[in-house]
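Peer 1: Mind looking at a prediction? Sequence and model below.
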Amino acid sequence: MKKTPLYSEYPKSKMTKFGGWEMPLTYSSMNKEHMAVRDKAGIFDVSHMGELYLKGEGALEFITKHCTMDITKSDKYQLKYAHILNEEGGIIDDTIITRLSEDECYLVPNAGRTPVVEKWLEDQGGQDLITDISDETVMIALQGPKSVDIMSKLCDQDVSDMDFFTARSVEINEEVMEVFDDHWPLGDAPLIQKSGYTGEDGFEIVLPSESGKILWNQFLSLDEGPVPCGLGARDTLRLEYGFLLSGQDFDEKRTTVETGWTKMCVDWEHDFVGKEALEAKKETEHQLLKGLVMQDRGIPRNGYKVFDEDDNIGTVTSGARSPVLRKGIALAYLDHGYHEEGTEVSIEIRGNKRKAKVKNPPFV
């Protein structure tokens, strides 16, 4: 199993396997970590995510052709959420792409999909543009309503005015910068991005490995600092907001149209691989990924069947007990005719059908 550069810095924790990586599932308890992020702030080691750096003449035009958003329209340090599709419109992966300059951008594929995305882009002719910097990079996610206050304690520059889905090159503090790698391709200072996978305010701090270790321990040493959080809380937090999980809520057999995310991640005004297939899919009666909230007791899980009386009308992709709502929630692909909010269905849980209602995310 792969280990992130922060592996040796973890407090005692329960580990799990995820996308080929050994990662912390929890440090204390999933519920405590989840609520810490909702109420104050938590930090996550997300260095298992991929980091691909594209630079060269035509780099922005190349990635624009091979994703659902037009990166040539992005301002410097603007982030865009996009899907990378195959010719049939199937989702190879979802990613966030940051424009760095006129001929540079940076994209973050999911952990287990990074080699797939890199090879696919190289096969499309991008081999001279792409550098995989995953092994030399740390990414720390600071999430929660207290994130700005906490980040301000460690930064020599003000980050309180950063807009959502933007980035900034920031000299964090002297101790971090003393070991900063001058040859790191993303700039001469750490890259702070404001996006998040929890539905809360927060930052993703991207920096070379040695600097990242120092910053991680600085967070942990703060009085009233962020709580370290594992993959368990990361999953329940993202599910409460309705964010997609690669390989679970979609794969190459599903299209962006079926996920329901076209308004957020498709710019229809540019040509991209898979566009024709998406346009054709829009004209059909297709399944759609919708939220479900349990009305009866029970926790829905991946693979559970959804029913209208005795008719199987869908399948759960993600499910958990919401720590905030204190009831089961899920994402599920549902047949046409069952997409309206409030529609009553049932989920088969351990051989028993339990009542649920369709709910458009976010749940929280």
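Peer 2: Now that the structure is in, tell me what you want to look at.

Peer 1: can you pull out the helices in this protein?
Peer 2: Assigned by DSSP state H, the helices in the chain fall at 30-39, 59-65, 114-121, 147-154, 174-178, 209-221, 231-241, 256-259, 262-265, 275-282.

Peer 1: okay if I get the ones you listed as a markdown table plus mean pLDDT, distance to residue 95 and mean neighbour count?
Peer 2: In short, each C-beta sits where N, CA and C put it, glycine included. Output for the helices of the chain, formatted as a markdown table (pLDDT from 0 to 100; distance: least, C-beta to C-beta, whole Å; neighbours: other C-beta atoms under 10 Å):
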| stretch | mean pLDDT | distance to residue 95 | mean neighbour count |
| --- | --- | --- | --- |
| helix 30-39 | 98 | 23 | 20 |
| helix 59-65 | 98 | 10 | 22 |
| helix 114-121 | 97 | 7 | 18 |
| helix 147-154 | 96 | 23 | 18 |
| helix 174-178 | 96 | 26 | 14 |
| helix 209-221 | 97 | 21 | 18 |
| helix 231-241 | 98 | 15 | 23 |
| helix 256-259 | 98 | 12 | 22 |
| helix 262-265 | 97 | 10 | 14 |
| helix 275-282 | 98 | 17 | 15 |
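
Peer 1: of all those helices, which lies closest to residue 90?
Peer 2: If you check each of the helices of the chain against residue 90 by C-beta to C-beta, helix 275-282 wins as the nearest, at 8.1 Å.

Peer 1: hey, C-alpha coordinates of the closest one in PDB?
Peer 2: Presented in PDB, the C-alpha positions along helix 275-282 are these (Å, rounded to 0.1, in the frame of the first residue of the first chain):
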ATOM      1  CA  LYS A 275     -19.900  16.200 -25.800                       C
ATOM      2  CA  GLU A 276     -21.900  14.600 -28.600                       C
ATOM      3  CA  ALA A 277     -22.700  11.600 -26.400                       C
ATOM      4  CA  LEU A 278     -23.900  13.800 -23.500                       C
ATOM      5  CA  GLU A 279     -26.200  15.800 -25.800                       C
ATOM      6  CA  ALA A 280     -27.700  12.600 -27.100                       C
ATOM      7  CA  LYS A 281     -28.200  11.300 -23.500                       C
ATOM      8  CA  LYS A 282     -30.100  14.500 -22.600                       C
END
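
Peer 1: Tell me how this structure divides into domains.
Peer 2: Following the assignment in automatic domain parsing, the chain carries domains at 10-50+134-239, 52-132, 243-359.

Peer 1: Turn those into CSV, columns for distance to residue 2.
Peer 2: Listed next are these as CSV, based on distance: least, C-beta to C-beta, whole Å:
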stretch, distance to residue 2
domain 10-50+134-239, 5
domain 52-132, 9
domain 243-359, 16
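
Peer 1: For the protein, give me the ranges with low pLDDT.
Peer 2: Counting by pLDDT under 70, the chain shows no low-confidence range.

Peer 1: can you name the farthest residue from the center of it?
Peer 2: residue 310 (35.4 Å; C-alpha atoms, centre = their mean).

Peer 1: right, and residue 179 touches residue 207 too?
Peer 2: No - when contacts are counted by C-beta atoms under 8 Å, residue 179 is not listed as touching residue 207 (10.0 Å).

Peer 1: Please identify which of those two sits among more neighbours.
Peer 2: Applying other C-beta atoms under 10 Å to residue 179 and residue 207 shows that residue 207 carries more neighbours, namely 28 against 14.

Peer 1: Kindly tell me how buried the residue nearest to that one when sequence neighbours are not counted is, as a neighbour count.
Peer 2: Nearest residue to residue 207 in three dimensions, chain neighbours excluded: residue 190, at 3.8 Å (C-beta to C-beta, 6 or more residues apart in numbering). Residue 190 sits with 25 neighbouring residues when counted by other C-beta under 10 Å.

Peer 1: Might you report the residue contacts of residue 190?
Peer 2: Contacts for residue 190 were tallied using C-beta atoms under 8 Å, 6 or more residues apart in numbering; they are 169, 170, 171, 172, 176, 180, 205, 206, 207, 211, 215.
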